[in-house]
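**Q** mind folding the following:
(one chain, ligands or ions: 2)
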Amino acid sequence: MPLIEVNEVRKVFETTVRRQGRFGTLASLFRPEKRQVAAVEQISFAIERGESVAYLGPNGAGKSTTIKMLTGILEPSAGSVEVAGLIPHRNRKRSSYQIGVVFGQRSQLLFDLPVKDSYELLRYMYSVSWERYHSNLKEFADILEVEHLMDRPVRTLSLGQRMRCEILAALLHDPDILFLDEPTIGLDVVAKERIRSFIEKINREKGVTLLLTTHDMNDIERLCHRTMIIDKGRLIYDGSLQYIKDNFATERQIRAAFSDVQAARAAALIFHGRPGVAVEIEEQVVRVTYDQQQTDTSELLKLLLDKANPRDLTMQDESVDALISRIYREGLEERPKNRLLAAEGALR
Ligand SMILES: Nc1ncnc2c1ncn2[C@@H]1O[C@H](COP(=O)(O)OP(=O)(O)OP(=O)(O)O)[C@@H](O)[C@H]1O
Ligand SMILES: [Mg+2]
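**A** Ligands and ions are numbered 1, 2, ... in the order given. Reported below is the predicted structural model:
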C-alpha cells in the first residue's frame, strides 16, 4: 500500500472581492461579493515508502496548498488524502507523529529562546525518550554542523543556520515522511549543498520518504528520482526528470569564440535567416541556438568550420532550469516549432 495516497483532490478557497469606489466599499460591507478560487483541481497521485519526489510548479500553482492538505493544516474541498494510513486533517495529532514538516518561509522554532529549548519542547510534545532524543540530536547536529548554535536564541541566527536547525527540529521524532516546502529558499550555494547532502542521507540511510517543493533545479537533480509538475492546480506531469530531459530538452547551443568582433559578425551572418536557428553576438563570441529535432548539429558545425575560423567551440544543452520554465510557459503538450525565431532579431 502506498504511504501517501491522494485521490481526486480539490481545494477551493473563497475570497471576498472588494468593489471599487466609495459606494462599492459600502456595498462590499453589507453584501460582500464572494469569489471561489480553485487552488488544487482533481489531483491524484500515490507515493511509496522510501521515495523522494519533487513537486514543481510556477508561483501560485498549488504546491503549498497540496502540502498543507497532506499535513492536515487544510481540509480538502473534495476527494481523499491518506498519509501513513491516516486522514491528516481528521487525525492531526496522530498524523504529526509520522511526519516532519519544513516550510522555508515559516519557523517552528521559538524565536526568543535558545535553539535547544525548542528542541526540548518538541521532544516533550512528541514523547521522544531522552535517550532517543540525545542520540538523534547528536547525530543530526553533527552532520548539519549546528552543535555550536544550540545555546543561541533563534532570532540571532542567519537564514542558513536557522534552516539547518529547522530541518533538525522536523526530524527529532523520527518521522517516516518529511515534507519540505522550499527548504533551500534564499540560501547561499554552500548552505544549499549542506542541506541537500543531509536530506539525501536521511532518505538513503533512514528510508525517510521525501516530498519536496523547490524552485531550485539543483535540488531536484540531486535529490529526487521522481518529479511531479503542477500548473494552475492541475497535475501536468508525473515521471522522471530524465524523461523530460530526453523528450523535451531539444534546444542546444553552440558557442563559438573568434579572434575579433569582425570575424564574429561575419560568422553570425552565415546563420542569419535559417529557420529554427537563433544567433546572438556578444563581443567576439557567437551563440547559435537551435532545435536539435529541426537542425543537425553536424550541419551547423560544418558550416562554422568551413566558412568561419573559430578559435574555440563549445556546446551546451538547454539547462534544466530553462527547460522547466519553458514547460511552465508552454505546457508539455504544445511544441511550438519556431519558438527560436523570436530571438533572431538579435542580428539586426
Ligand atoms: N488561504 C488562501 N485563501 C485564498 N487563496 C489562497 C489561499 N492560499 C492559497 N491561495 C491561492 O491558491 C493558489 C495556490 O497557492 P499555493 O500557495 O498553493 O501556490 P504555490 O504553488 O505554493 O506557489 P509558490 O511557488 O508561490 O509558493 C494561489 O492562487 C493562491 O493565491
Ligand atoms: Mg508555496
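
**Q** up against ligand 2, what does the stretch 51-200 of the chain have?
**A** 63-64 (C-beta under 5 Å from the ion). Heads up, the C-betas are built off the backbone N, CA and C, glycines and all.

**Q** ok and the residue in the stretch 51-200 of the chain nearest ligand 2?
**A** residue 64 (3.2 Å; C-beta to the ion).

**Q** wasn't residue 315 part of a helix?
**A** No - checked against DSSP: H, G, I helix; E, B strand; the rest coil, residue 315 lies outside a helix; its state is strand.

**Q** quick one: neighbours of the nearest residue to it once chain neighbours are set aside, just the number.
**A** In this structure, residue 315 finds its nearest non-sequential neighbour in residue 254, 5.4 Å apart by C-beta to C-beta, 6 or more residues apart in numbering. By other C-beta atoms under 10 Å, 21 other residues sit near residue 254.

**Q** can you give me the pLDDT of residue 254?
**A** pLDDT recorded at residue 254 is 95.

**Q** show me what contacts it?
**A** By C-beta atoms under 8 Å, 6 or more residues apart in numbering, residue 254 lies in contact with 287-288, 290, 297, 300-301, 304, 313-315.

**Q** likewise residue 307?
**A** 267, 270.

**Q** can you give me the distance of it to residue 271?
**A** For residue 307, the distance to residue 271 equals 10 Å [C-beta to C-beta, to the nearest Å].

**Q** what of residue 332?
**A** 29 Å.

**Q** who's more crowded, these two?
**A** residue 271 (22 against 13).

**Q** excluding residues flanking it in the chain, which one is nearest the more buried one?
**A** In this structure, residue 271 finds its nearest non-sequential neighbour in residue 279, 4.7 Å apart by C-beta to C-beta, 6+ apart.

**Q** please settle this for me: is the one you found part of a strand?
**A** Yes - inclusion of residue 279 in a strand is indicated when three-state DSSP is applied.

**Q** what secondary structure does residue 8 sit in?
**A** Of the three states, residue 8 takes strand under three-state DSSP.

**Q** can you tell me how far it is from residue 51?
**A** For residue 8 relative to residue 51 (C-beta to C-beta), the value is 21 Å.

**Q** neighbour count for those two, which is higher?
**A** More neighbours surround residue 51 than the other of residue 8 and residue 51, with 19 against 12 (other C-beta under 10 Å).

**Q** and the strands in the stretch 151-300 of the chain, which stretches?
**A** 177-181, 209-213, 226-231, 234-239, 251-257, 277-282, 285-291 (DSSP state E, counting those that start in this stretch).

**Q** in this structure, which residue is closest to the centre?
**A** residue 214 (2.1 Å; C-alpha atoms, centre = their mean).

**Q** relative to residue 123, how far out is the closest residue to that residue other than its chain neighbours?
**A** With C-beta to C-beta, 6+ apart as the criterion, residue 214 has its nearest non-adjacent residue at 5.7 Å, and that residue is residue 182. Noted for residue 182: a distance of 26 Å to residue 123, by C-beta to C-beta.

**Q** likewise for residue 263?
**A** 68 Å.

**Q** got it, and residue 189?
**A** For residue 189, the distance to residue 123 - C-beta to C-beta - is 33 Å.

**Q** neighbour count for those two, which is higher?
**A** Of the pair residue 189 and residue 123, residue 123 is the one with more neighbours under other C-beta under 10 Å, namely 19 against 9.

**Q** could you say what helices and strands the one helix or strand that one maps to packs with?
**A** Using DSSP states H and E, the element containing residue 123 is helix 115-125. In terms of contacts (3 or more C-beta pairs under 8 Å, 6 or more residues apart in numbering; DSSP states H and E), helix 115-125 is packed against helix 130-144, helix 159-171.

**Q** got the buried residues for that helix?
**A** Across helix 115-125, burial judged by 16 or more other C-beta atoms under 10 Å covers 115, 117-120, 122-123.

**Q** quick one: the helices in the chain, in order.
**A** All helices of the chain, identified by DSSP state H, fall at 21-30, 63-70, 92-98, 115-125, 130-144, 159-171, 189-206, 217-223, 241-248, 261-271, 297-307, 320-330.

**Q** what's the longest one packed up against?
**A** What it means is helix 189-206. Helix 189-206 packs on helix 130-144, helix 159-171, strand 177-181, strand 209-213, helix 217-223, going by 3+ C-beta pairs under 8 Å, 6+ apart.

**Q** quick one: it to helix 159-171, angle?
**A** Helix 189-206 runs at 20 degrees relative to helix 159-171, counting by axes from the mean of the first three to the mean of the last three C-alpha atoms, to 10 degrees.

**Q** stretch 76-88 - what's its average pLDDT?
**A** On average, stretch 76-88 scores 97.

**Q** CA atoms of it as CSV?
**A** This file holds the C-alpha atoms of stretch 76-88, laid out as CSV (Å, rounded to 0.1, in the frame of the first residue of the first chain):
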residue,chain,number,x,y,z
PRO,A,76,-9.6,19.2,1.0
SER,A,77,-12.9,20.6,-0.5
ALA,A,78,-13.3,17.2,-2.3
GLY,A,79,-11.5,13.9,-2.8
SER,A,80,-9.4,12.0,-0.3
VAL,A,81,-6.0,12.2,1.2
GLU,A,82,-4.4,9.4,3.2
VAL,A,83,-0.9,9.7,4.7
ALA,A,84,0.6,6.7,6.5
GLY,A,85,-2.9,5.2,6.9
LEU,A,86,-4.4,8.3,8.4
ILE,A,87,-6.6,11.1,7.1
PRO,A,88,-4.3,14.1,8.1
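
**Q** fine, thanks again, bye for now.
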